[in-house]
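Asker: could you work out the structure for the sequence below:
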Amino acid sequence: MNETIFTHIINKSIPADILYEDDEVLAFRDINPQAPLHFLVIPKKPIATINDITPADYQVVGKLSGVAAEIVAQQGMAEQGFRTVMNCNEYGGQTVYHIHLHVLAGKPLGWPPYQATIKQG
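Answerer: The predicted structure follows:
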């Protein structure tokens, strides 16, 4: 897998507003927030897409959700509710090919989240 912006954040070669870090997982604020609280939770192991998750990755991928819930609770927004989203490939809206869980909270979130126009063909 090629290096991504997340590789640089993991390696601390570019700055990020880090909310959580351990040996397996890193969480940091999104640089283009779509809600009052918008952060990403990523595995430190580079996994390009959801399609690339193997059984050996199940534990760390599950940990992304647990860390997300802990951070939202610490921010006092768990009871109001929050959204988690993981995009996969072009049609799913993925732009960085290192899996990442978006976590959004702090305002009512409608559905669908947005209307995208995707080229057909």
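
Asker: beta-bridge partners for the most centrally placed residue in the chain, please?
Answerer: For the chain, the residue nearest the mean C-alpha position is residue 101 (2.4 Å; C-alpha atoms, centre = their mean). Assessed by DSSP bridges, residue 101 has beta-bridge partners residue 41.

Asker: who touches it in this structure?
Answerer: By C-beta atoms under 8 Å, 6 or more residues apart in numbering, the residues touching residue 101 are 40, 41, 42, 64, 65, 68, 84, 85, 86. All C-beta atoms are positioned from the backbone trio N, CA, C, and that covers glycine.

Asker: any of the residues you listed buried? List them.
Answerer: Buried by 16 or more other C-beta atoms under 10 Å: 40, 41, 42, 64, 68, 86, out of the contacts of residue 101.

Asker: and the last one, what does it touch?
Answerer: Residue 86 makes contacts with 50, 99, 100, 101, 102, as judged by C-beta under 8 Å, 6+ apart.

Asker: that one and residue 29, how far apart?
Answerer: 17 Å (C-beta to C-beta, to the nearest Å).

Asker: also the fourth one?
Answerer: Distance of residue 64 to residue 29, given as C-beta to C-beta: 16 Å.

Asker: over to the third one?
Answerer: Using C-beta to C-beta, residue 42 is found at 13 Å from residue 29.

Asker: check the second one too.
Answerer: To residue 29, residue 41 is 11 Å away according to C-beta to C-beta.
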